[in-house]
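Participant: what follows is a predicted protein model with its sequence.
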Amino acid sequence: MQHYHENLRWYVSLWVLMPDHAHALVALPNTENLGMVMAAWKRHTARHMGVVWQKGFFDHRLRGDESFEEKASYIRMNPVRKGLAESPEDWPYGWCPEADGSESRPYLSERNPTSK
């Protein structure tokens, strides 16, 4: 995730790994295609880390009337809803680049007014 983030394949606002799938808030530069980027990432992690992913993926574009923070909260709560953690903070398989000091990318700031 971080490698793609640092190499501008995508910009991650939030990423939560589950046992066989992931939930994420990401933005892409205009030069990337989400389906192709996800397929490449899943293929790499399957080959090099032995992850067995659910087939395909589901994407949802945030619309003007949807709250970024509501979606982020929903994603953070997924391990709790599945009984894998008592609280979102207890789940060790999440990543929020802004929380660890990673730089925000210009193409996200145009799409998401909450970015730095």
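Facilitator: Happy to help now that I have it. Computed from a predicted structure; not experimentally measured.

Participant: could you look up the SS state of the spatially most central residue of the chain?
Facilitator: In the chain, the centroid-proximal residue (CA atoms, centre = their mean) is residue 24; its distance is 2.5 Å. Following DSSP: H, G, I helix; E, B strand; the rest coil, we place residue 24 in the strand state.

Participant: and the contacts of the top helix by length along the chain?
Facilitator: The longest helix of the chain (DSSP state H) is helix 34-49. Contact with helix 34-49 is made by 1, 4, 9-10, 26, 28, 51-53, 57, 59, as judged by CB atoms under 8 Å, 6 or more residues apart in numbering. All C-beta spots, glycine's among them, are computed from the backbone N, C-alpha and C.

Participant: could you tell me the model confidence score at residue 13?
Facilitator: With respect to pLDDT, residue 13 has a value of 89.

Participant: about what we covered before: which strand residues bridge the residue nearest to the centre of the chain?
Facilitator: Per DSSP bridges, the residues bridged to residue 24 are residue 15.

Participant: might you report the residue contacts of it?
Facilitator: So residue 24 contacts 1, 12, 14-16, 75 (CB under 8 Å, 6+ apart).

Participant: these: which two are farthest apart?
Facilitator: Greatest spatial distance among the contacts of residue 24 (CB to CB): 1 and 75, at 13.6 Å.

Participant: mind checking the SS state of the residue located most distally from the centre of the chain?
Facilitator: What lies farthest from the middle of the chain is residue 86; by CA atoms, centre = their mean that is 21.1 Å. Using three-state DSSP, the structure places residue 86 in coil.
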